[in-house]
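1. Got a predicted structure here, sequence first:
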Amino acid sequence: MKNFGKYILFLVSLLERREKLKTYINLTINESIKIGYDSLFIVSIVSIFMGAVTTIQTAFNLVGPLIPNYVISLVVRDMTLLELSPTIIAIVFAGKVGSNIAGELGTMRITEQIDALEVMGINSSSYLVLPKIIAALLMFPILVIISATLAIFGGYTAGVLTDVITGQEYIYGLRYEFNPFNIPFAMVKSYVFAFIVASISSFQGYYTSGGALEVGKSSTNAVTNSCIAILVADYVLAQILL
């Protein structure tokens, strides 16, 4: 509870003594490139194979004369939108971006760069952390959209190449009884997960103390705590929204 209270106070401090809007715009653009663009490759690779594996395994488990083939792509569609793209990519995001945020802020803390900002009268938490959170909220939903698209495409490619489903059946299954609410549900999850990863990782890095060894521990704690928080939030959102 002590750490949770410290975390809440940390979030409150982000809104105090803010800098000029232009400063945050420039910082947010730079952070968006690091958080979004630099994560595009790993997200794309994971998403394509995630869709391909889901298609093959679904086809393997749904073999039967009474089950039409289009059910395969229907399952892939719903699993991708409801769970795989938002949650799995969030865990990848925590490992890729969360550890980087914690390591960067931890290094700044032990090298006294954060203390130097405070001496100059700058709110270091707002100046360093707020752009990272805003950039995560802007870029992670885009990564989830790209992930869902590539996962469905990967499933289509794998299904057609392995002859477990035809292209026409796959597309028909994607359209069959589609629930439009699945898309806003995935977006809500993506915003919540982006905030969780960026804020927890920043919190772990910002309060690093010691030396280089503690920076590594902060990065590890950032990924671990973010993943746990993602899974808890995933369950809570499913209970509330579905």
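-> Perfect, I can see it now. Residues are numbered from 1 along each chain as shown.

2. quick one: secondary structure of the residue of the chain most remote from its centre?
-> Distance from the centre of the chain peaks at Pro65, with 39.1 Å (CA atoms, centre = their mean). Of the three states, Pro65 takes coil according to DSSP: H, G, I helix; E, B strand; the rest coil.

3. again, but for Glu16
-> Following three-state DSSP, we place Glu16 in the coil state.

4. contacting residues for Ile133?
-> Residues counted as contacts of Ile133 (CB atoms under 8 Å, 6 or more residues apart in numbering) are Leu14, Phe195, Ala198, Ser199, Ser202. C-betas here are computed from N, CA, C, even on glycine.

5. Mind checking the pLDDT average for the strand or helix carrying Ala222?
-> Secondary-structure element containing Ala222, defined by DSSP states H and E: helix 212-241. Across helix 212-241, the average pLDDT comes to 92.

6. Convert the C-alpha atoms of stretch 172-189 to PDB, please.
-> Extracted C-alpha coordinates of stretch 172-189, given in PDB (Å, rounded to 0.1, in the frame of the first residue of the first chain):
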ATOM      1  CA  TYR A 172     -16.900 -15.000 -45.100                       C
ATOM      2  CA  GLY A 173     -16.000 -16.000 -41.500                       C
ATOM      3  CA  LEU A 174     -14.600 -12.500 -40.900                       C
ATOM      4  CA  ARG A 175     -17.900 -11.000 -41.800                       C
ATOM      5  CA  TYR A 176     -20.200 -13.500 -40.200                       C
ATOM      6  CA  GLU A 177     -22.100 -12.200 -37.300                       C
ATOM      7  CA  PHE A 178     -19.500  -9.500 -36.600                       C
ATOM      8  CA  ASN A 179     -20.100  -7.600 -33.300                       C
ATOM      9  CA  PRO A 180     -19.000  -3.900 -33.900                       C
ATOM     10  CA  PHE A 181     -18.500  -3.400 -30.100                       C
ATOM     11  CA  ASN A 182     -15.400  -5.600 -30.300                       C
ATOM     12  CA  ILE A 183     -13.500  -2.700 -31.900                       C
ATOM     13  CA  PRO A 184     -14.200   0.000 -29.200                       C
ATOM     14  CA  PHE A 185     -13.600  -2.700 -26.600                       C
ATOM     15  CA  ALA A 186     -10.100  -3.400 -28.000                       C
ATOM     16  CA  MET A 187      -9.400   0.400 -28.100                       C
ATOM     17  CA  VAL A 188     -10.500   0.900 -24.500                       C
ATOM     18  CA  LYS A 189      -8.100  -1.900 -23.500                       C
END
